[in-house]
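Peer 1: The sequence and its predicted three-dimensional model are supplied below.
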Amino acid sequence: MRIQNKLLLMFVVAILGTLFLVNLVAAEKILHLKLDSSIPKADETLKASPEKIVLEFSQRPELTVAKIDIQDGKLGKVMRSEEDETILWAAIEESLPAGKHTVKWVTSSSDGHPVRGEFSFAVSVRR
Ligand SMILES: [Cu+2]
């Protein structure tokens with residue numbers, strides 16, 4: 001093969017490889033779940049401590065790797081909703097004090113890669 005043809009071939013292979021990788025990354029993003037909504041909602045202010053944290057995802061999350069933590073609080077075991085398999089929840093075992101609370105969660109999509117996130121809500125001071 002002439003040197004020009006070899007270079008052209010290498011160039012085409014490089015372009016195709018790059019396109020392949022870009023598509024792979026895009027596909028990964030689509031495959032991964034995200035948090036659609038929660039109770040309490042992000043940035044919501046409640047008049048009293050909620051009794052549980054409910055997380056609704058865009059697709060079925062893996063329960064075995066799921067963790068939900070809350071700052072200044074104690075949560076029970078993470079459970080899957082019996083009515084909707086995209087929902088995970090955990091009971092709040094002791095009433096949360098007034099103030100801002102951050103919920104941190106981790107679970108995975110069906111491809112097994114961990115997906116994590118966090119949001120905060122507030123409990124207002126009781127009068
Ligand atoms: Cu993945």
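Peer 2: Cool, the structure landed. For clarity, every value in this text was computed on a predicted model and none was experimentally measured.
Peer 1: Relative to the whole chain's centre, how far out is whichever strand or helix holds L24?
Peer 2: Using DSSP states H and E, L24 falls within helix 3-31. Chain-centre distance of helix 3-31: 30 Å, with C-alpha atoms, centre = their mean, to the nearest Å.
Peer 1: So in that sheet, which strands flank the helix or strand just after that helix, and in what orientation?
Peer 2: Following helix 3-31 in sequence order, the next helix or strand is strand 35-39 (DSSP H and E). The strands that strand 35-39 pairs with in its sheet are strand 52-57 (antiparallel) (by DSSP bridges).
Peer 1: can you list the domain ranges for this protein.
Peer 2: Per automatic domain parsing, the domain ranges recorded for the chain read 1-31, 33-123.
Peer 1: right, so those: which one is the most enclosed?
Peer 2: Among these, the stretch with the highest mean neighbour count (mean count of other C-beta atoms under 10 Å) is domain 33-123, at a mean of 15. Placement of C-beta: from N, CA and C, glycine included.
Peer 1: State the three-state secondary structure for V125.
Peer 2: coil (DSSP: H, G, I helix; E, B strand; the rest coil).
Peer 1: thinking it is in contact with P97, fair?
Peer 2: No: counting by C-beta atoms under 8 Å, V125 does not reach P97; the two are 9.4 Å apart.
Peer 1: correct me, but K77 touches A90?
Peer 2: Yes: between K77 and A90 a contact is recorded at 6.7 Å, counting by C-beta under 8 Å.
Peer 1: Give me the residue ranges of the protein where confidence is low.
Peer 2: Applying pLDDT under 70 to the chain picks out residues 126-127.
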